[in-house]
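Asker: Following is a predicted model, sequence given first.
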Amino acid sequence: MKKILKGTAVFAGALAAAQAGVSAYLYHRTMKRSNTDVERTMKMAGTDWNQYMALIQERKDRLFAHPHEDVYKKSGDGLNLHAIYVPSDTKEDEKIAICFHGYTGQAGSDFCGISDYYLKNGYSLLLVDQRAHGKSEGEYIGFGCLDRIDACSWIDWVIARCGMQTKIVLHGISMGAATVLMTSGLELPDQVKGIISDCAFTSPKEVFTHVLRSMYHMPAFPTMQITDWINRKKAGYGLDECNAAREVRKAQVPILLIHGDADTFVPCSMCHEIEKNCASETTKLIIEGAAHAESYYKDMEAYENAMTGFLEGVMK
């Protein structure tokens, strides 16, 4: 009996050590800036971007042909954050879109396509590098939970730079969409008129759980519990501490939700859950056949028509 108990204890200890090792590996591979990889993220997301690269490059060239400037400011916890400010051709700054990119993206990449729509319609742009991305400092990724506080700081910067008359729309893609939806639960200034969310996840915990089960074929327990504990120690927040589906219960500005029904990285069910919980007026657009973050390119006409209808209603 003693040998059996000893053997069981050894096995349980080895299993626990192995699980802890797996959790630590996944954590450092996902949450630490120094270990993230754009190519790996794109492969996991499953979107074929090669078919759109010519258009994206053309619009990127057009975007940065406009006068623009690098902007830096300090976060509440002392990080030097970066954004690119692109004033409208009218120079009036009456309308501005503050744009938040996705995981492993950056200010000058994720919004190249949609920037064309905004500039043609008289909007200025503030393209934000979220913490631990691009030229913004930070080692641990905020996954919207920390970035929502940074977003409020960027809103304050826009109002100070462009004036009290400025009308602001927050637009995010993927992790950036989670950021703007999590921001909706905070007290926002009157200048923020609406939010556009493209393929947002509800919380880091829920999207990681989905990825573990669907891509790695692993159970979430106890990996997520260990990962959450590590993240609280290292990054200072819990993986379900902020959840977009909960935060929108406090939303006071209209929200446009966009998602692709072929998204296997962030399932479309998360969009429906967010809509169900939203306290403010919502509009939803589901793009048939669109993979993760592909909606704009899959059906540009439907996407831009939805934006036009939404923005004409809120930017008055």
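Answerer: Thanks, I have the structure now.

Asker: all contacts plus neighbour counts: C-alpha atoms, from now on.
Answerer: Will do.

Asker: where along the chain do the strands fall?
Answerer: Ranges of strands in the chain, per DSSP state E, are 69-74, 80-86, 95-100, 124-129, 167-173, 192-198, 255-260, 282-287.

Asker: which stretch among those strands comes nearest K234?
Answerer: strand 80-86 (18.8 Å; CA to CA).

Asker: Need the contact partners of the closest one.
Answerer: 66-75, 107-108, 124-131, 134-137 (CA atoms under 8 Å, 6 or more residues apart in numbering).

Asker: want to throw the strands of the chain into TSV with mean neighbour count and distance to E206?
Answerer: Formatted as TSV, the strands of the chain follow (neighbours: other CA atoms under 10 Å; distance: least, CA to CA, whole Å):
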stretch	mean neighbour count	distance to E206
strand 69-74	14	30
strand 80-86	22	27
strand 95-100	26	20
strand 124-129	26	24
strand 167-173	26	17
strand 192-198	25	17
strand 255-260	26	17
strand 282-287	18	21
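
Asker: Output those strands in JSON lines, with distance to E247 and mean pLDDT appended to each entry.
Answerer: What follows is these, written out as JSON lines (distance: least, CA to CA, whole Å; pLDDT from 0 to 100):
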{"stretch": "strand 69-74", "distance to E247": "25", "mean pLDDT": "98"}
{"stretch": "strand 80-86", "distance to E247": "24", "mean pLDDT": "98"}
{"stretch": "strand 95-100", "distance to E247": "17", "mean pLDDT": "98"}
{"stretch": "strand 124-129", "distance to E247": "21", "mean pLDDT": "98"}
{"stretch": "strand 167-173", "distance to E247": "15", "mean pLDDT": "98"}
{"stretch": "strand 192-198", "distance to E247": "13", "mean pLDDT": "98"}
{"stretch": "strand 255-260", "distance to E247": "12", "mean pLDDT": "98"}
{"stretch": "strand 282-287", "distance to E247": "14", "mean pLDDT": "98"}
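
Asker: Export those as CSV, with columns for distance to C112.
Answerer: As requested, the strands of the chain are exported to CSV (distance: least, CA to CA, whole Å):
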stretch, distance to C112
strand 69-74, 16
strand 80-86, 12
strand 95-100, 11
strand 124-129, 10
strand 167-173, 12
strand 192-198, 15
strand 255-260, 18
strand 282-287, 20
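
Asker: How many residues are close by the residue lying closest to P204 once chain neighbours are set aside?
Answerer: Using CA to CA, 6 or more residues apart in numbering and skipping the chain neighbours, the partner closest in space to P204 is L239 (5.3 Å). For L239, the count of nearby residues is 24 (other CA atoms under 10 Å).
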